[in-house]
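A.B. asks: what would the 3D arrangement of this be:
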Amino acid sequence: MHKDARGHAVTLSRPTALDAYERALYAFQTYRGDPLQQLDEALAFDDGFAAAYATKALLLCTLFERRFMRDALAVLEQGRAAIESATPRERALAAAARDIAGGEWHAGVRALERVLVDYPRDVVALQVAHVMDFYRGDSLNLRNRVSRVLPAWSESIPGYAYVLGMHAFGLEECNQYADAERTGRLAVETSGDDCWAVHAVAHVMEMQGRIGDGMAWYEATRGVWAGEDNGFAFHNHWHTALYHMDRADYAAALAIFDARLASGVEMVLPRIDATALLWRLKLEGADIGQRFAPVADAWERTLAGEGGFYAFNDFHAAMAFAADGRRESLAHLQQGLIQASLGNNSNGDMTRRIGLDACEAAIAYTEQRFDDAVEKLLAVRDGAAAFGGSHAQRDLLTLTLIDSAAHAGRTRLSRHYANERLVHKPASVWGRRLARGGRSASTQPRLAIS
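C.D. replies: This next block holds a predicted model:
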């Protein structure tokens, strides 16, 4: 019986396949290169490598688009014979992938947790569950799932630094900012290449309104996160754009959009960041030209076969369509949302609880029905973690609420939520700008469907 670098038994006959497998795990942990290509190489060495099939399926699931879920199920079918004769751990990983790909996201994560009970150093189970906790908005387990396995790890075990990086992000999402920053910095220092940990520290600085510190941190760690082969660089660039926006440097934020986000919109994760950045810029009254059009085009291509897959994605699609005046696309999206809300699965619950009202709020805002937008946002804003994303991403709901209330003439309400920001981020210029806007908002809407 062969074992991986963390001591887990793996089912294979040609140990040369393990080298490619470990390279794939490293690529997954560092977001560098293509782990799927490395897994294909491992399977080319040994087509009976059950862990490689299960891992490939799980990694496809983390891309979190319906098309990749179909691909994940196809991989599991391709490896069916190998998986059936595999170890209990490998079979459990494959079963978790099948649940996630089939839309039972919560069940799939519970299955991964059962793997971690017996195998706390299973980095695939841990990191996939961590990513799924992010998508599902489970901030408690972004932290605690890593906490539960951390005692089983040490610097002598390959991948330890990346476990610290995950823990740092979980700590940040649970508002433990000092612990998160300390752990994230340690992860970067230990690994030298943990862009997820860089991102966790950047989140701390965003949440505390430490804009100068955040910009300096990103500049100091640029070699860790900004490489051309880094699949997570787009999101760290998005965070740098938010720092510029706090300072009302909209030209710098738009330059980041043009250079780092606009070309990546065929993939849903960069498209979410592109959409969210443009919406923030429009809320601030910046001139974004026609930049929403290609983003909306990409959402249209995706939703032709993917609508109703994930409420968080649908919300961003609604913003892009509404901002670009695409009534027909909005109607199609709304039909998909209603259909999704009837589903007895993880996304059905998200759509019922958050997605429908969030999307309706975006539409109401652009149609200048500001009171409607306010009421929809008030209904979902405080529980919006239930449809995924981070605090920084979901801040878009609050920003839209503040601006909607100002346009509706509900000055006290606008100031009420701007005050929250002033207390949490006392150094933030953006918060003071919003508070002033809440007192003397223009009556002219900044967005309107033509």
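A.B. asks: every contact and neighbour count from this point should use C-alpha atoms.
C.D. replies: Fine.
A.B. asks: what's the burial count for Pro15?
C.D. replies: For Pro15, the count of nearby residues is 18 (other C-alpha atoms under 10 Å).
A.B. asks: okay, and the beta partners of the residue nearest to it when sequence neighbours are not counted?
C.D. replies: Excluding the flanking residues, the one nearest Pro15 by C-alpha to C-alpha, 6 or more residues apart in numbering is His2, at 7.2 Å. Beta bridges link His2 to Val10, judged by DSSP bridges.
A.B. asks: can you name the next helix or strand after the helix or strand harbouring Ala405?
C.D. replies: Here Ala405 sits within helix 391-407, counting by DSSP states H and E. Tracing the chain C-terminally past helix 391-407 and defining elements by DSSP H and E, one meets helix 411-424 next.
A.B. asks: which residues are contacting that following helix?
C.D. replies: The contact list for helix 411-424 (C-alpha atoms under 8 Å, 6 or more residues apart in numbering) reads 207-209, 398, 401-406, 428, 431-432, 434-435, 438-439.
A.B. asks: one more time with 10 Å, if that's ok
C.D. replies: Residues from elsewhere that reach helix 411-424, judged by C-alpha atoms under 10 Å, 6 or more residues apart in numbering: 207-209, 374, 398-408, 410, 425-426, 428-441.
A.B. asks: show the subsequent helix or strand relative to that helix.
C.D. replies: Next along from helix 411-424, by DSSP H and E: helix 429-439.
A.B. asks: sorry, back to before: can I get the CA coordinates of the helix holding Ala405 in CSV?
C.D. replies: What follows is helix 391-407, C-alpha atoms only, in CSV (Å, rounded to 0.1, in the frame of the first residue of the first chain):
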residue,chain,number,x,y,z
HIS,A,391,-18.1,40.3,4.8
ALA,A,392,-16.3,42.5,2.2
GLN,A,393,-18.3,41.1,-0.7
ARG,A,394,-21.6,41.4,1.1
ASP,A,395,-20.9,45.0,2.0
LEU,A,396,-22.3,45.7,-1.4
LEU,A,397,-25.8,45.2,0.1
THR,A,398,-25.1,47.8,2.8
LEU,A,399,-23.7,50.3,0.3
THR,A,400,-26.8,49.9,-1.9
LEU,A,401,-29.1,50.2,1.1
ILE,A,402,-27.4,53.5,2.2
ASP,A,403,-27.6,55.0,-1.2
SER,A,404,-31.2,53.8,-1.8
ALA,A,405,-32.3,55.3,1.5
ALA,A,406,-30.7,58.6,0.7
HIS,A,407,-32.4,58.7,-2.7
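A.B. asks: so that helix versus helix 411-424, what angle?
C.D. replies: Between helix 391-407 and helix 411-424, the angle comes out at 150 degrees (axes from the mean of the first three to the mean of the last three C-alpha atoms, to 10 degrees).
A.B. asks: and helix 391-407, how far out from the chain middle?
C.D. replies: Relative to the chain's own centre, helix 391-407 is displaced by 18 Å; criterion: C-alpha atoms, centre = their mean, to the nearest Å.
A.B. asks: quick one, it and helix 429-439 angle?
C.D. replies: Orientation check (the same axes, to 10 degrees): helix 391-407 against helix 429-439 gives 20 degrees.
A.B. asks: need the helices for the stretch 251-400 of the chain, in chain order.
C.D. replies: Along the stretch 251-400 of the chain, counting by DSSP state H, counting those that start in this stretch, helices occupy 268-283, 292-306, 311-323, 327-341, 346-350, 356-366, 370-380, 391-407.
A.B. asks: still on that earlier bit, quick check: angle from the helix holding Ala405 to helix 356-366?
C.D. replies: 50 degrees.
A.B. asks: buried ones in helix 391-407?
C.D. replies: 391, 394-407 (16 or more other C-alpha atoms under 10 Å).
A.B. asks: quick check: the two most widely separated of these?
C.D. replies: Spanning the widest gap among the buried residues of helix 391-407 are His391 and His407, at 24.5 Å by C-alpha to C-alpha.
A.B. asks: give the contact list for the residue most central in space within the chain.
C.D. replies: For the chain, Gly389 is the residue whose C-alpha lies nearest the centre (C-alpha atoms, centre = their mean; 5.1 Å). For Gly389, the residues meeting the contact criterion (C-alpha under 10 Å, 6+ apart) are Asp133, Phe134, Tyr135, Arg136, Gly137, Asp138, Ser139, Phe312, Asn313, Asp395.
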